[in-house]
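Novice: Kindly return the folded structure for what I paste below:
(chains A and B)
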Amino acid sequence: MTNLILYNTLTRKKEQFKPLNPPFVGLYVCGPTVYGDAHLGHARPAITFDLLFRYLQYLNYKVRYVRNITDVGHLENDADSGEDKIVKKAKLEQLEPMEIVQRYTDRYHHHMEQLNVLKPSIEPRASGHIIEQQQFVQRILDRGYAYEINGSVYFDVEKYHKQYHYGRLSGRVLEDLHTQTRALEGQEEKRNPYDFALWKKADANHLMHWPSPWSEGFPGWHLECSTMSTKYLGTPFDIHGGGMDLLFPHHECEIAQSTAADGHEAVKLWMHNNMITINGQKMGKSLGNFITLDELFTGNHRLLQQAYNPMTVRFFILQAHYRSTVDFSNEALQSAEKGLARLMKAWDILPGLTPGEPGEFDVTSWKQRCFEALDDDLNTPVMIARLFEAVRAINLAGEGKASFSASALTELVSLFDLFAGQLLGLQKPEKERSQNDRTTELIEMVLQLRLEAKRKNDYATADRLRDELTRLGVTVKDKKDGYDWEWDS
RNA sequence: GGUCACGUGGCCGAGUGGCUAGGCAACGGUCUGCAAAACCGUGUACAGCGGUUCGAAUCCGCUCGUGACCUCCA
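Specialist: Numbers count the residues shown, from 1 in each chain, chains lettered A, B, ... in the order given. A predicted model of the protein is given here:
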């Protein structure tokens, strides 16, 4: 029994987390559509649910974490509406669709690794589950909640709503949707504008298509998640996560599909992370105001004043609660970078502290308050605040102004590794300097000369060497009996 | 237009009836040949107006402002 409390979008309440089949937990999260580089927004759910995955495992649950790769089926809504996003890019670049998918999947994996996001247990692809999706469509047809027309199959929302409740998750009222759903081109086949495609017949220039009982075509937009979550987690399963923007229509349609197919809802707990904004506006592919993770890590973007380390980005995201929006700015990232550096440094010196008299810092109550923060709907901002309380105590001890008892110190070392490392997933930065780097040796040589000059009280020479190094981009930091240095960032 | 959120000190960001996080910046100090860095210390803020209450940033009402979803989106 654990004290973990999570916010359920379905009930709009925080709920005590209780697995359906302890000690097993099924977790499904909507993954990326791999037709382009992942952006800052993609990092949010990846990191949020990575934290949940880590914490559930720490709590000794046997978690199966499924995060899909969408490589088929999403429609685009610009000038050429109705065309598959992945196909469009393929034609543009004269590549096979699967080539695009492979490239961006690989890049997504690389970026996730940089962010220290653990791999999910299963990462299924939509294109690898066409047969299962067709079977899912058939089940819905058999139960009478879908209709076929001209080779396409649509979900009959109205009929479904008579028995179940369409709009339960998002709070939509079907009667309102009648008047508010936008009429899109090529949708006149549908009985109602809010009906959605389960299977779509491919037109002549559509490259990705598969044979089916209804037509040569491709699966509908929402089907893959219902299909793959059911296949790997069974039904019902514990937790389904994703971005808030997927709440409607994507997740609402998932609920309808699963309920129509099985007669009961598939998901017990829905979790949604909020958006990342840029200048107060949502960052998104369609808005064209997004910054990709690659650009963020290299600093190669007009809005970026510098490159940001992946750990800075992870820390930045964890400093806000996952259900709040977080606004991107250079200032915010830079303050995260500095704060993180301070945290890392304390973490670094902690194991080397000398035990002494028991100090004022109460490790036991601190530990408890850290867990309380995590248990309270993954309140990472509060947990990080706790870590900084420990940082102050550690620094004071480092300066000999406070101390920990030997047992408190041992416990604090392992708890810091647990909280900062294992759970928040922060990594200590690698030392960039390698031993056999020639430039490094030259810099070290100059600094040695400067040290000698200082010892002879030849401050003119010492200052000149420091100024020259500064000019070349090396920041010199004098220490008590030596020096430290780093490249300007 | 409909639905739903939100508005916290210079900036970011928790809290959600009394105990008033945290980070960055700023200021003060320690250290230092100087500087930088580092470290320590210092901050009663909760959009506005009413109401409920012994007591409200926290509950209720109204006003103003911002955003999200309603279309692919993390």
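
Novice: Tell me, how many residues neighbour the residue of the stretch 251-400 of chain A found nearest RNA strand B?
Specialist: The nearest approach of the stretch 251-400 of chain A to RNA strand B comes at residue A:339, 2.5 Å away (C-beta to the nearest atom of the strand). For every residue, glycine as well, the C-beta is placed using N, CA and C. Residues within reach of residue A:339, counting by other C-beta atoms under 10 Å, total 17.

Novice: how far away is it from residue A:301?
Specialist: As judged by C-beta to C-beta, to the nearest Å, residue A:339 and residue A:301 stand 22 Å apart.

Novice: Pull the residues that contact the helix or strand encompassing the residue of the stretch 251-400 of chain A closest to RNA strand B.
Specialist: When elements are defined using DSSP states H and E, residue A:339 is found to belong to helix A:330-349. Contacts with helix A:330-349, where a contact means C-beta atoms under 8 Å, 6 or more residues apart in numbering, come from A:303-306, A:308-309, A:311-313, A:315-316, A:319, A:384, A:387-388, A:390-391, A:394-395, A:398, A:416, A:420, A:426, A:428-429.

Novice: among those residues, which are within reach of RNA strand B?
Specialist: A:319, A:384, A:388, A:391, A:395, A:398 (C-beta under 7 Å from any atom of the strand).

Novice: could you list every residue that touches the fifth one?
Specialist: When contacts are counted by C-beta under 8 Å, 6+ apart, residue A:395 is found next to residue A:346.

Novice: Quick check: it is in a helix.
Specialist: Yes: with DSSP: H, G, I helix; E, B strand; the rest coil as the criterion, residue A:395 is part of a helix.

Novice: Make sure residue A:6 is actually in contact with residue A:271.
Specialist: Yes: the criterion here is C-beta atoms under 8 Å, and residue A:6 meets it with residue A:271 at 6.4 Å.

Novice: domain ranges for chain A?
Specialist: With domains defined by automatic domain parsing, chain A comprises A:17-273, A:277-423, A:438-487.

Novice: Pick the most deeply packed of those.
Specialist: Mean neighbour count, computed with mean count of other C-beta atoms under 10 Å, is highest for domain A:17-273 among the domains of chain A, reaching a mean of 19.

Novice: partner residues bridging the residue of the stretch 151-300 of chain A found nearest RNA strand B?
Specialist: Distances between the stretch 151-300 of chain A and RNA strand B by C-beta to the nearest atom of the strand are smallest at residue A:243, namely 1.8 Å. On the basis of DSSP bridges, residue A:243 is bridged to residue A:273.

Novice: Would you confirm that it contacts residue A:41?
Specialist: Yes: Residue A:243 is within contact range of residue A:41, at 7.3 Å (criterion: C-beta under 8 Å).

Novice: quick one, phi psi at the closest residue to RNA strand B within the stretch 1-150 of chain A?
Specialist: Per C-beta to the nearest atom of the strand, residue A:41 is where the stretch 1-150 of chain A lies closest to RNA strand B, at 2.5 Å. Backbone torsions for residue A:41, taken as degrees, to the nearest 10, come to phi -60, psi -30.

Novice: Enumerate every residue touching it.
Specialist: By C-beta under 8 Å, 6+ apart, residue A:41 lies in contact with A:243, A:275, A:276, A:283, A:284, A:290.
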